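> Whatever this is, show me its structure:
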Amino acid sequence: QNGLRGYLPDELYELTSLQHLLLTNNIGISGPLSPKIGGLEDSLESLQLGESSITGTLPTELDLLTRLKTLDIHSNTISGELPENLLLPDLEVLRLRFPFMGGTIPNDIKFRLSTKLTDLRLEGHWNDELPEAFWLSLSSSSSLRYFSLLCRSAVRTRIPDSFFASNPNMIEFLVRTNHLSGSIPTTVGFLTSLISFSLSGNPEIHGTIPTELGRLSASLTLLAIENNRLEGSVPSELGDLTELRVLALRGNRLGGTIPESLSGLKNLEHFVLGPQIMPRGFSGTIPESICYALDRGGEENQTMIVVGQTDVFNYCSCCTIL
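Model prediction:
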């Protein structure tokens, strides 16, 4: 965060004892990442170039940096594809965020991820399929705490039951704008340390909202499962999530009545119920006890409950209708 500008000089890659190269938030750093980066193979443990203007493609020599524990590169100007042989056995943090990178996710990313990973975040325009082996490779370590998959194109995959069951210490799960299929695994109830759960924008996710989500009462503050194809009713167990601040359910095929147990969500700030996809929709009323419970004394502090015009027809004193 120093406002550095220009290319990375070749002399940098001659520092053969260099362990950490941290240049995050220097948007003025530009030019390609030189293949000479492979010359730091005996020493480099952390490479962080987040929020830079690095251009070109990623060099295949990244695969030589087998001592790396952290690889974090975020650039809006990198193009091409990920290196085919990116195998870094000691990697603990992998953050590759390239909004305009295309192609496919290499097999080594799919099948040979480090068993030491605690933080995995992938963002790009990849067109590929993530088979079950991708998730199983992440299930072998039980160390994953942060997981984010933001692919702005058709990445086809489904989450096996074992993924959540094998990573009970997960804190953040964010998968958005993908082509996930299947249902939300009931093993999500094992994630008792989870703070944020977002599984939105996956129109092939179907089934019902798992009642097991109610087990996450001690920690969960964000539950966003909107714009999928979930059906059924809102389970009363969601009322046990007393730390919840954001609950987003719109854009599904939910229906039925709203359980009065949600009046127990005393920390809720945003509650987005609708609109739901027709022909389904909520019926009856939103229990007024929910509005009373969510009123913290003053209109500016009151929770906004967003509903669709076809969802809830009866009066709700704390609703905003879209």
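> Following the chain onward from the helix or strand bottoming out on mean pLDDT in the chain, which element is next?
Every helix and strand in the chain was compared by mean pLDDT, DSSP states H and E; the lowest is helix 107-111, with a mean of 54. Note on helix 107-111: by DSSP states H and E, the next helix or strand toward the C-terminus is strand 119-124.
> How far away from the center of its chain is the longest strand seen in the chain?
Ranked by residue count under DSSP state E, the longest strand found in the chain is strand 46-55. Chain-centre distance of strand 46-55: 21 Å, with Cα atoms, centre = their mean, to the nearest Å.
> Stretch 254-264 now?
Remark: stretch 254-264 is offset 26 Å from the chain centroid, using Cα atoms, centre = their mean.
> Quick one: mean pLDDT over it.
Average pLDDT, stretch 254-264: 86.
> before we move on, back to that, between the helix or strand just after the longest strand of the chain and strand 119-124, how big is the angle?
As assigned by DSSP H and E, the chain's next helix or strand after strand 46-55 is strand 70-75. Here strand 70-75 runs at an angle of 20 degrees relative to strand 119-124 (axes from the mean of the first three to the mean of the last three Cα atoms, to 10 degrees).
> Pull out the buried positions in stretch 222-239.
Buried residues in stretch 222-239, counting neighbours by 16 or more other Cβ atoms under 10 Å, are found at 222-231, 234-235, 237-239. C-beta here means a position set from N, CA and C on the backbone, and glycine is covered the same way.
> Closest one to Thr157 out of those, please.
When these are compared for distance to Thr157 (Cβ to Cβ), Asn228 wins out at 14.5 Å.
> That closest one and Arg176, how far apart?
Distance, Asn228 to Arg176, using Cβ to Cβ, to the nearest Å: 11 Å.
> and what of Asn2?
For Asn2, the distance to Arg176 (Cβ to Cβ) stands at 32 Å.
> Between the two, which is the more surrounded one?
Taking other Cβ atoms under 10 Å, Asn2 and Arg176 do not tie; Arg176 has more neighbours (19 against 8).
> Return the distance of the more buried one relative to Asn202.
Using Cβ to Cβ, one gets 8 Å for the distance from Arg176 to Asn202.
> distance between stretch 27-46 and the chain's centre?
For stretch 27-46, the separation from the chain centroid amounts to 27 Å (computed by Cα atoms, centre = their mean).
> cool, stretch 51-63 as well?
The answer for stretch 51-63 is 23 Å, by Cα atoms, centre = their mean.
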